[in-house]
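Generate a structure from the sequence data that follows.
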Amino acid sequence: QVQLQESGPGLVKPSQTLSLTCTVSGGSITTNYYYWSWIRQPPGKGLEWIGYIAYSGSTYYSPSLKSRTSISRDTSKNQFTLQLSSVTPEDTAVYYCARSEPPEYDYWGQGTQVTVSS
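Take a look at the predicted model:
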């Protein structure tokens, strides 16, 4: 059974960089052909896909967030990390990590609330 767990600060100040880590157990993040995504849900809104890092290590980001987003991984810890720079209150959301074998998402983390506020 694959499990994903998000971790990171729940409060970030405007203009700072949001950093979250997803720790994966029960499966390797390098296994063909899985993609490891970050997805968020702002209050009162729908899900927004942020980007992914693939089993190969390649990355792809939402065009609307690409200039501020970086996703990396630590294969020795079976973790992948989201960094979102220059945050504003509009980046307040519940952030999820998830696994997909396109087009389907099969495992999700429980989500972590991140609030951007001074």
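
What are the buried residues along stretch 22-31?
22-24, 29 (16 or more other CB atoms under 10 Å). To be clear about C-beta, it is placed using only N, CA and C from the backbone, and glycine gets the same treatment.

got the contact list for the residue most central in space within the chain?
The chain has Trp38 as the residue nearest its centroid, 2.6 Å off, counting by CA atoms, centre = their mean. Residues in contact with Trp38 (CB atoms under 8 Å, 6 or more residues apart in numbering) are 20, 22, 49-52, 71, 82, 95-98.

measure it to Tyr52 for me?
Distance of Trp38 to Tyr52, given as CB to CB, to the nearest Å: 7 Å.

With Arg68 instead?
Using CB to CB, one obtains 16 Å as the distance from Arg68 to Tyr52.

residues near Tyr95, how many?
A total of 24 residues lie near Tyr95 under the criterion other CB atoms under 10 Å.

Figure out the helix or strand that it lives in.
Element membership of Tyr95, judged by DSSP states H and E, is strand 93-101.

Contacts only, for Gln81.
To be clear, residue 81 is Thr; Gln isn't right here. Here Thr81 is in contact with 19-22, 71-74 (criterion: CB under 8 Å, 6+ apart).

for Thr115, same thing?
By CB under 8 Å, 6+ apart, the contact list for Thr115 reads 10-12, 92.

Buried among those? Make that a ChimeraX selection.
The ChimeraX command for the buried members of the contacts of Thr115 (criterion: 16+ other CB under 10 Å) is given here:
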select :12,92
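
can you list the contacts of Thr115 in a markdown table and add secondary structure?
Shown next, in a markdown table, are the contacts of Thr115 (DSSP: H, G, I helix; E, B strand; the rest coil):
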| residue | secondary structure |
| --- | --- |
| Gly10 | coil |
| Leu11 | strand |
| Val12 | strand |
| Thr92 | coil |
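
can you pull out the strands in this protein?
Taking DSSP state E as the test, the strands found in the chain are 3-7, 11-12, 18-25, 35-41, 48-54, 59-61, 69-74, 79-84, 93-101, 104-108, 112-116.
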